[in-house]
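Peer 1: one predicted model, sequence on top.
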Amino acid sequence: MNPVAWNALLALAWLAITGSFTITNFLLGFAVGFVALIVTQRVPGVPTYTGRSWKVVTLAAFVAWEVLLANLRVSRDILTVTRMRPALISVPIRSRTDTEVSLLAALVTLTPGTTAIDVSPDGRHMLVHVTNLPDGGPDEARRDIIEGFERRILEVLR
């Protein structure tokens, strides 16, 4: 049985022990089961499961933080009536699978001020529209995407 199934089984056991069959209690049981799996490390595949789970959490936190910052930047740009510097930039990507590329495009587009437009036929570059280039120009925008989103996506999916 894989670690996710063990974790779900522990969550169900938690429900039976507590006698409260709610979604909230299941999630609490899932968290308690996750900690139990970390502590015991006796289930094959648990180190990979727990390590990857932590990477998923850090990716989600990073995305939330980046969306917040991007909203603040876009709001500032609108309210201060600064001269916008829109641009189309080509971002070299290391993502190769459809899942990696799709997730990267979705997260870039989800962030206010950037939109993934296209991926090159060879899959090595993504065309991104940036509403307002940062002071560092296209290189800074590329670096933000590569070292921010793409690096974390590859850590989770590879």
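Peer 2: Sure thing, it's come through. Only a predicted model underlies this, so the values are computations on that prediction, with no experimental measurement involved.

Peer 1: where do the strands of the chain begin and end?
Peer 2: 87-92, 114-119, 125-130 (DSSP state E).

Peer 1: what pairs with the last one, parallel or antiparallel?
Peer 2: Right, the one you point to is strand 125-130. Strand 125-130 sits in its sheet next to strand 87-92 (antiparallel), strand 114-119 (antiparallel), going by DSSP bridges.

Peer 1: how many neighbours does the closest residue to Thr111 other than its chain neighbours have?
Peer 2: Nearest residue to Thr111, sequence neighbours excluded (C-beta to C-beta, 6 or more residues apart in numbering): Ala70, at 4.7 Å. Where C-beta positions appear, they are placed from N, C-alpha and C, glycine not excepted. Using other C-beta atoms under 10 Å, the number of residues around Ala70 comes to 16.

Peer 1: distance of Ala70 relative to Ile93?
Peer 2: 20 Å (C-beta to C-beta, to the nearest Å).

Peer 1: quick one: mean pLDDT over the longest helix seen in the chain.
Peer 2: Criterion DSSP state H: the longest helix present in the chain is helix 46-79. When pLDDT is averaged over helix 46-79, the result is 88.

Peer 1: same question for stretch 82-92.
Peer 2: Stretch 82-92 comes out at a mean pLDDT of 92.

Peer 1: in that stretch, what counts as buried?
Peer 2: Buried positions in stretch 82-92, judged by neighbour count with 16 or more other C-beta atoms under 10 Å: Ile89, Val91.

Peer 1: so who does Val4 touch?
Peer 2: Tyr49 (C-beta atoms under 8 Å, 6 or more residues apart in numbering).
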